[in-house]
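Participant: Coordinates for the following, if possible.
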Amino acid sequence: MDPEAPLYERDPVAWNAYLAEGNAKQARKRVGADVLIRDEQGRILLVDPKYKPDWDLPGGMAEANESPAAAARREIKEELGLDLEIGRLLVVDWVSPHGPWDDSLMFIFDGGILSGEESAKVSLAEDELAGFGFHNGHRAPHLLRPYVWRRTRAAVKALRANGPIYLEDAT
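Facilitator: Got it, this is the predicted structure:
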């Protein structure tokens, strides 16, 4: 055995034990994945969750070992009955610990533009959502929590940018 070879080649059992120890001790993050969906007039699709006091972007929390993009697609299908292709990443927001919650990572992906015909096919998850609507930049800030609006505004800005925008606590 080559003593110059990396540990994972010299001793795969020791390498796996090292990885398992790190996996057991290192922080785990909650991950949320939302989707920025627009209509043909450029308005943003917002949902009215029954379990929250304010409106929100469609999306939700990732399940164990689920990628953010897969979570976004699953949530859109569950919440709105739409099987959308999830587009490029627009925003990553690190959210500091608050209340009973540890820190988390929130992602926003591009959900594209829905035609009027596609919008008519929206089927709300009755147990989760009271309603949905397309809202412009004048109405959306009044419906969303301030930090969700800042994150959403960054996602709209990222649509015109060459890459995603990184935020910490939506700033």
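
Participant: got the contact list for residue 167?
Facilitator: 91, 92, 93, 94, 150, 151, 154 (CB atoms under 8 Å, 6 or more residues apart in numbering). For every residue, glycine as well, the C-beta is placed using N, CA and C.

Participant: Check the spacing between it and residue 158 real quick.
Facilitator: Distance, residue 167 to residue 158, by CB to CB, to the nearest Å: 10 Å.

Participant: who touches both of these two?
Facilitator: residue 91.

Participant: Do a quick rundown of the strands in this protein.
Facilitator: 30-39, 44-49, 59-61, 89-95, 104-114, 129-135, 165-168 (DSSP state E).

Participant: Quick one: closest of the ones you listed to residue 144.
Facilitator: Smallest distance to residue 144 across the strands of the chain (CB to CB): 7.0 Å, for strand 44-49.

Participant: residues contacting the most centrally placed residue in the chain?
Facilitator: By CA atoms, centre = their mean, the mean C-alpha position of the chain lies nearest to residue 33, the distance being 1.5 Å. Applying CB under 8 Å, 6+ apart, we find residue 33 in contact with 59-62, 68-69, 71-72, 75, 106-109.

Participant: Just the buried subset of those residues, written out for ChimeraX, thanks.
Facilitator: For the buried members of the contacts of residue 33, the matching ChimeraX selection, counting by 16 or more other CB atoms under 10 Å, is:
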select :59,60,62,68,69,71,72,75,106,107,108,109
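
Participant: Do you have the helices of the protein handy? List them.
Facilitator: For the chain, applying DSSP state H gives helices covering 7-10, 12-25, 68-80, 116-119, 140-143, 146-160.

Participant: Give me the contacts around stretch 70-88.
Facilitator: Contacts of stretch 70-88 (CB under 8 Å, 6+ apart): 31-35, 37, 47, 58-63, 66, 69, 107, 109-112, 114, 118, 121-125, 128-129, 132, 164.

Participant: Just the buried residues of these.
Facilitator: Buried, going by 16+ other CB under 10 Å: 31-35, 37, 47, 58-60, 62, 69, 107, 109-111, 114, 122, 128-129, 132, 164, out of these.

Participant: pLDDT below threshold where in the chain?
Facilitator: 1, 7-8, 15 (pLDDT under 70).

Participant: circling back to that earlier point, dump the strands of the chain to TSV, plus distance to residue 19.
Facilitator: TSV is the format used below for the strands of the chain (distance: least, CB to CB, whole Å):
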stretch	distance to residue 19
strand 30-39	20
strand 44-49	38
strand 59-61	26
strand 89-95	24
strand 104-114	21
strand 129-135	40
strand 165-168	27
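
Participant: Nothing else from me, thank you.
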